[in-house]
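Asks: give me a 3D structure for the following:
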Amino acid sequence: MTRTIGAILISLFSTSLFSQDYSSFDRANKQALRDYESGQYRAAIEGFTTVIKLTSTLGPPKPAFRLDARRDGVSSVGLFDYGEITVLDPRTAVAYVNRGKSYLNLGEADAAINDFDRAVLIAPALSAAFQCRGVAQIIKTRFEEAAMDFERVIKLNPADIAGYLGRGEARLRMGRVKAALDDFDHAVTLDPKSSAALYRRAEGFRRSGNLKEALQDYEKAIAIDPKLVDGYIGRSMVYWKLREIDLAFADADRAVELAPGLGLAYGTRGMMLMEKRKFSEARKDLLRAVELDPSLKPEIDANLKLIEARE
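Replies: Sure thing, here's the model as predicted:
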């Protein structure tokens, strides 16, 4: 049971290159950001749409050209249906990124990718657009495309650990564990105090069967960020494989305490309760897990059948 990498935060451009009413843009932009931060994603989408309109010139629909980053970092050119927007302010690209992030938080990955595509067209050097599109591609299980986007991030800024973490995650999902670990190693080298980098490397070690190394990295990540829910879940799974069931349960229980709305935390604790032969409590946790996250249903159903067989 795994989760996607976390959301990427992007700040907006604050300079205007054209003569729009800056005060109108500023008000709309600030309100949209407030809506986004408060989780009001539909309102945020409306706000960022207003920002896009305020920072662009509208005209009749026409195809424009799209720049796609290839693996070698060179851009290829193709036709792209760009709708009504014909003249663009650089701030428009960032508004598209932020609107795309709002769509992504609503689970609308296709709409998000469409916005990230437009941002890339407008501002091919905007690293955040490639980062966000890479995240969306992972959600869509398009791991090769995600790796290409994160490679572009790395080319734009070789010191940005987000590029290595994203490419490593895509490679890990493709089963290229050694290549993924190389990326996570590089991220840790760039920032040894990054809990995210240590956590991702721990995940790579765990999936490659290097449990000792995984445990060390989980412990380092949790020491840096004691509220790292995924760290507790990952360490719980390592303890489970080492047959340290009490320690595994303690970590899963801590994950539920920290994130009571996370299905994966309940699913993990349910597994540990099964190991402790507390089947009634395990069933309750497993059912809660699938209630919170229906994507866990196949694995949860398998565990529920095991409970029935053991009772």
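Asks: just to check, Ala129 is in contact with Ala112?
Replies: No - applying C-beta atoms under 8 Å as the test, Ala129 and Ala112 come out as separate, 11.1 Å apart. C-beta coordinates here come from the backbone N, C-alpha and C atoms, glycine included.
Asks: neighbours of the residue nearest to Asp110 when sequence neighbours are not counted, how many?
Replies: Nearest in space to Asp110, with sequence neighbours left out and distances taken as C-beta to C-beta, 6 or more residues apart in numbering, is Lys140 at 7.7 Å. By other C-beta atoms under 10 Å, the residues close to Lys140 number 14.
Asks: isn't Lys140 up against Phe116?
Replies: No - applying C-beta under 8 Å as the test, Lys140 and Phe116 come out as separate, 11.7 Å apart.
Asks: ok, residues contacting stretch 303-310?
Replies: Stretch 303-310 has contacts (C-beta atoms under 8 Å, 6 or more residues apart in numbering) with 267, 270-271, 274, 277, 279, 282-283, 286-287.
Asks: show me which of the residues you listed are buried.
Replies: Buried members of those, scored by 16 or more other C-beta atoms under 10 Å, are 267, 270-271, 274, 279, 282-283, 286.
Asks: how about the helix or strand harbouring Leu304 as CSV, C-alpha atoms only?
Replies: Leu304 belongs to helix 297-310 when elements are defined using DSSP states H and E. Provided in CSV are the C-alpha atoms of helix 297-310 (Å, rounded to 0.1, in the frame of the first residue of the first chain):
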residue,chain,number,x,y,z
LYS,A,297,-10.6,-2.3,-1.5
PRO,A,298,-8.9,-5.2,-3.3
GLU,A,299,-6.2,-5.6,-0.7
ILE,A,300,-8.6,-5.0,2.2
ASP,A,301,-11.0,-7.7,0.8
ALA,A,302,-8.2,-10.1,0.7
ASN,A,303,-7.4,-9.4,4.4
LEU,A,304,-11.0,-9.7,5.4
LYS,A,305,-11.1,-13.2,3.8
LEU,A,306,-8.1,-14.1,5.8
ILE,A,307,-9.8,-13.0,9.0
GLU,A,308,-12.8,-15.2,8.1
ALA,A,309,-10.5,-18.2,7.6
ARG,A,310,-8.7,-17.7,10.9
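Asks: can you give me how far it is from the chain middle?
Replies: Remark: helix 297-310 is offset 29 Å from the chain centroid, using C-alpha atoms, centre = their mean, to the nearest Å.
Asks: can you start the count at 396 instead of 1 from here on
Replies: Right, with 396 as the first residue, what we last looked at is helix 692-705.
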